[in-house]
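Peer 1: okay, here's the prediction I keep looking at, along with the sequence it came from:
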Amino acid sequence: DAEITQSPRHKITETGRQVTLACHQTWNHNNMFWYRQDLGHGLRLIHYSYGVQDTNKGEVSDGYSVSRSNTEDLPLTLESAASSQTSVYFCASSEKQGSYNEQFFGPGTRLTVL
Amino acid sequence: QKEVEQDPGPLSVPEGAIVSLNCTYSNSAFQYFMWYRQYSRKGPELLMYTYSSGNKEDGRFTAQVDKSSKYISLFIRDSQPSDSATYLCAMSGYLSGGYNKLIFGAGTRLAVHP
């Protein structure tokens, strides 16, 4: 069955370190998204991609970067981790642009920055 | 002021009760209105979506959209303990950043006790 996976599921790191969170989907979806979820804020969009080599900034992109070299993967990099980036991170994918498409979410990565 | 407001709860109801969950929004450009359900330590999954105003029913769940009041609701009839989860509303529109850029509410935590 097609799915979307995230790794690691839990990560503890120190302030200032570079961290990369992986997202892999097997639906062959064009669109991929990264969100963070914090109490009181719901899900907020960090970065998104509508296809290979396409990346766009979302609502809370400062301190994060992404690159899309193939259809299946959209890794999220925290260049220099900060305590404010402690959060639960969700990756999602959807089929195409041009109209509403259901977004399918991964299981999440719980990141703690000490 | 957030674009989408949602009471975080928690909401605790007895089994069999009718549950009403609500969101208000400020951006009149929203066209698609979604409800996601998120079980503890899992990713969100789409429950229902509605285009523009009106009602949509799926089993025990009914989604309502009132664009004139900028107000959406999700009703759960005959609630079950398995409905215990966080319910997130989400919205998108062509002129609010694109159909695939979802704006989420903070989520309402629901507990249905036997």
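Peer 2: Structure received.
Peer 1: can you check which strand is longest in the chain?
Peer 2: If you meant another chain, say so; for now it's chain A. Ranked by residue count under DSSP state E, the longest strand found in chain A is strand A:42-51.
Peer 1: nope, chain B please
Peer 2: strand B:85-93.
Peer 1: after that one, next one along is what?
Peer 2: Using DSSP states H and E, the helix or strand that follows strand B:85-93 towards the C-terminus is strand B:98-104.
Peer 1: mind giving me the packing neighbours of that following strand?
Peer 2: Applying 3 or more C-beta pairs under 8 Å, 6 or more residues apart in numbering or on different chains; DSSP states H and E, we find strand B:98-104 packed against strand A:31-38, strand A:42-51, strand B:32-38, strand B:85-93. Where C-beta positions appear, they are placed from N, C-alpha and C, glycine not excepted.
Peer 1: chain B: strands as residue ranges?
Peer 2: B:4-6, B:11-14, B:19-25, B:32-38, B:45-51, B:54-58, B:61-66, B:71-76, B:85-93, B:98-104, B:108-113.
Peer 1: got the contact list for the longest one?
Peer 2: Which is strand B:85-93. Contact with strand B:85-93 is made by A:42-43, A:100, B:3-4, B:6, B:21, B:23, B:25, B:27, B:29-40, B:44, B:47, B:72, B:74, B:98-110, as judged by C-beta atoms under 8 Å, 6 or more residues apart in numbering or on different chains.
Peer 1: just the buried members of those?
Peer 2: A:42-43, A:100, B:4, B:6, B:21, B:23, B:25, B:30-38, B:44, B:47, B:72, B:74, B:98-110 (16 or more other C-beta atoms under 10 Å in any protein chain shown).
Peer 1: mean pLDDT for the strands of chain B: which is lowest?
Peer 2: If you rank the strands of chain B by mean pLDDT, strand B:98-104 sits at the bottom with a mean of 86.
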